[in-house]
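Participant: just the structure for this:
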Amino acid sequence: MRLLASLFLGSALTAAAASPGRPPNVLFLASDDLRDNLGCLGDPVARTPHLDALARRGVLFERAYCQQALCNPSRASLLTGRRPDTLRVWNLPTHFRETLPDVVTLPQHFLRHGYFTRNIGKIFHNFRTRIQGDPASWSVPAELHFASHAADVAVLDGGTAPPNLAQAKGAEARDVPDEAYFDGRVAARAVEALRAASRRPEPFFLAVGFWKPHTPFNPPKRYWDLYRRGEIPPIRHPGPPRDTPAVALKGANELSPGTREAMAELRHGYYAATSYLDAQVGKVLAELDRLGLDGNTIVVFWSDHGFHLGEHGLWGKTSNRELDARVPLIITAPGVARAGSRTRSLAELLDLFPTLVDLCGLPTPAGLEGASLRPVLADPSARVKDAAFTQTPRPANIQGGRSEIMGYSLRDDRHRYTEWRAWSTGDLVEAELYDLAQDPGEDVNLAVEPARAPVLASLAARLARQFPRRPLPAEPALP
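Facilitator: This next block holds a predicted model:
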């Protein structure tokens, strides 16, 4: 009898959680280093059935961009709704609480307005300083949110991991269960968290952060087996772009494959890691549906930035180029979003804060620098902005230190225009201009062509309105 009562109570609370009069829940799904290698974004090779299905349920943003192609600045920007310059966060170690101690984050805002907020996996950056994550943002302590990516190796209960089956540095293919790695464990805990949240009286904001396809490329072997090495597309545009300044290509290469075989293996591993990520997302979405929560839950899927896999000789991120700046973004919003829609409306990750606040009927906090994407969700032909902005410093100094140059990049409907400016003065050092309608691979820098001077001047003026040419403050000293 007690068991039947318990089952009845659980069913009643689940039904209450999905009732139309209840504020919408938010399922906030994050990935790391994911570029446009998804079936729904037109990749003919990618096996990503669960993300493709999610795109059919919501709105797929074909032109969404991060604010800086590095984990910490990108995530801090998204989660506070501020640009990196406002936060003074441009590297991996600096925590936004050290520069803006009282800023209210996206989940913290929901917490303050009656939501139960929970973090499973990597949402805030996995900081290497004394502050880990952001405890003020969550109703309960975060889980599986802090570790080194290098530590993401197979861990088996009561046994020894099988030998490494791959050859190149940064890749491995062990025949192990999904839960042998972080993302499998994140998905399992997220499923449990959904079940627990469905029984709570208040709406939930559940943030689930997956670590893949970030290096190392070590998904279980069955995900490697989804692909034949020979079907992986060759590197597009492997050589340096014409007339592009050297500063634009001086990033922080995370991988350095020395042979064609190693390059092919790493590209294979990236696809495999993406399919592994997709499978974990699928587990969480299936549980959301099983619990009957899908009708009153906003689902957002995003990546913190893209990644280069040998294009223009780059193996990593930290550039202002399309492959690093552009990110997958999918939003489902029952009753608002037009399911199965695609939009070419420009969007930025920092737009997610005002968008979710708008969709959930919460007051909009002061200081947000993004725009609500709700009009685009209702009408994919609508536009809320005419440009998206990405930036990156040089030297990359991802571990801290001092940068000498900042690159600011403007992406509009047709062009990408980038200025490299001296940090201490704001003076222009180099410029880039790409006509993405004619040159989507950014192979030819048109900034050196006199005939492009009028376009260059117009774009420079637009960039200056967003980022005036002036000195930047010194990067914060690390503790």
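Participant: rest of the way, CA atoms for contacts and neighbours
Facilitator: Fine.
Participant: count the neighbours of residue 37 for me.
Facilitator: 20 (other Cα atoms under 10 Å).
Participant: the one 10 residues further on too?
Facilitator: Residue 47 is flanked by 23 other residues according to other Cα under 10 Å.
Participant: now the one 10 residues further on
Facilitator: By other Cα under 10 Å, the residues close to residue 57 number 20.
Participant: now it: how far from residue 294?
Facilitator: Noted for residue 57: a distance of 10 Å to residue 294, by Cα to Cα, to the nearest Å.
Participant: next: residue 376.
Facilitator: Taking Cα to Cα, one finds residue 376 at 21 Å from residue 294.
Participant: name the single longest helix found in this protein.
Facilitator: When the chain is parsed with DSSP state H, its longest helix is helix 260-290.
Participant: other SSEs contacting that one?
Facilitator: helix 49-57, helix 182-198, strand 204-213, helix 221-224 (3 or more Cα pairs under 8 Å, 6 or more residues apart in numbering; DSSP states H and E).
Participant: buried ones in that helix?
Facilitator: The neighbour-count check on helix 260-290 (16 or more other Cα atoms under 10 Å) flags 262-285, 287-288 as buried.
Participant: kindly report the same for stretch 364-374.
Facilitator: 368-374.
Participant: could those residues be laid out in a markdown table, adding secondary structure, distance to residue 304 and pLDDT?
Facilitator: Output for the buried residues of stretch 364-374, formatted as a markdown table (DSSP: H, G, I helix; E, B strand; the rest coil; distance: Cα to Cα, whole Å; pLDDT from 0 to 100):
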| residue | secondary structure | distance to residue 304 | pLDDT |
| --- | --- | --- | --- |
| 368 | coil | 18 | 98 |
| 369 | coil | 17 | 98 |
| 370 | coil | 16 | 98 |
| 371 | coil | 18 | 98 |
| 372 | coil | 18 | 98 |
| 373 | coil | 18 | 98 |
| 374 | helix | 21 | 98 |
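Participant: redo those as TSV? Include distance to residue 389.
Facilitator: Below are these laid out as TSV (distance: Cα to Cα, whole Å):
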residue	distance to residue 389
368	15
369	12
370	11
371	13
372	16
373	16
374	20
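Participant: let me know the pLDDT of residue 13.
Facilitator: Reading off the confidence values, residue 13 has pLDDT 34.
Participant: cool, and residue 116?
Facilitator: In this prediction residue 116 is given a pLDDT of 98.
Participant: ok, the one 4 residues further on next?
Facilitator: Looking at residue 120, its pLDDT reads 97.
Participant: and if you look at residue 207?
Facilitator: pLDDT, residue 207: 98.
Participant: distance-wise, check it relative to residue 79.
Facilitator: For residue 207 relative to residue 79 (Cα to Cα), the value is 11 Å.
Participant: how far is stretch 215-224 from where the chain is centred?
Facilitator: Its chain's C-alpha centre and that of stretch 215-224 lie 20 Å apart, by Cα atoms, centre = their mean, to the nearest Å.
Participant: got it, and stretch 96-103?
Facilitator: For stretch 96-103, the distance from its own C-alpha centre to the chain's C-alpha centre is 21 Å (Cα atoms, centre = their mean).
Participant: ok, now stretch 466-475?
Facilitator: Using Cα atoms, centre = their mean, the distance between the centre of stretch 466-475 and that of its chain works out at 25 Å.
Participant: begin at 198 from here
Facilitator: New numbering, starting at 198: the last item is stretch 663-672.
Participant: start to end distance for that stretch?
Facilitator: Length of stretch 663-672, first residue to last, Cα to Cα: 20 Å.
Participant: stretch 406-417 now?
Facilitator: 19 Å.
Participant: quick one: residues in contact with it.
Facilitator: Residues from elsewhere that reach stretch 406-417 (Cα atoms under 8 Å, 6 or more residues apart in numbering): 226-231, 316-320, 342, 346-347, 349-350, 367-375, 378-380, 383, 463, 466-467, 469-471, 473-474.
Participant: now do 7 Å
Facilitator: Stretch 406-417 is contacted by residues 226-231, 317-320, 346-347, 367-375, 380, 383, 466-467, 469-471, 473-474 when judged by Cα atoms under 7 Å, 6 or more residues apart in numbering.
Participant: look up how far residue 367 lies from residue 376.
Facilitator: 20 Å.
Participant: now residue 557
Facilitator: 41 Å.
Participant: who's more crowded, the two?
Facilitator: Comparing residue 557 with residue 367 by other Cα under 10 Å, the one with more neighbours is residue 367, at 19 against 15.
Participant: please name the residues that touch the more buried one.
Facilitator: Contacts of residue 367 (Cα under 7 Å, 6+ apart): 412-414.
Participant: one more time with 10 Å
Facilitator: 347, 412-415, 451-454, 459, 462-463, 466 (Cα atoms under 10 Å, 6 or more residues apart in numbering).
Participant: and the helices and strands packed on helix 457-487: which comes nearest residue 220?
Facilitator: Proximity to residue 220 (Cα to Cα) singles out strand 401-410 among the helices and strands packed on helix 457-487, at 9.2 Å.
Participant: returning to that earlier point: neighbour count: residue 573 and residue 491, which is higher?
Facilitator: residue 573 (24 against 21).
Participant: low-confidence ranges in the protein?
Facilitator: For the chain, the stretches flagged by pLDDT under 70 are 198-217, 324-327, 354-357, 675-676.
Participant: ok, 50 please
Facilitator: 198-215 (pLDDT under 50).
Participant: surely residue 405 meets residue 381?
Facilitator: No - if you go by Cα atoms under 10 Å, residue 405 and residue 381 don't touch, sitting 11.8 Å apart.
Participant: neighbour count winner among the two?
Facilitator: residue 405 (30 against 22).
Participant: strands of the stretch 498-647 of the chain, residue ranges please.
Facilitator: Using DSSP state E, counting those that start in this stretch, the strands of the stretch 498-647 of the chain run over 523-529, 538-540, 544-545, 585-591, 602-608, 612-619, 625-632.
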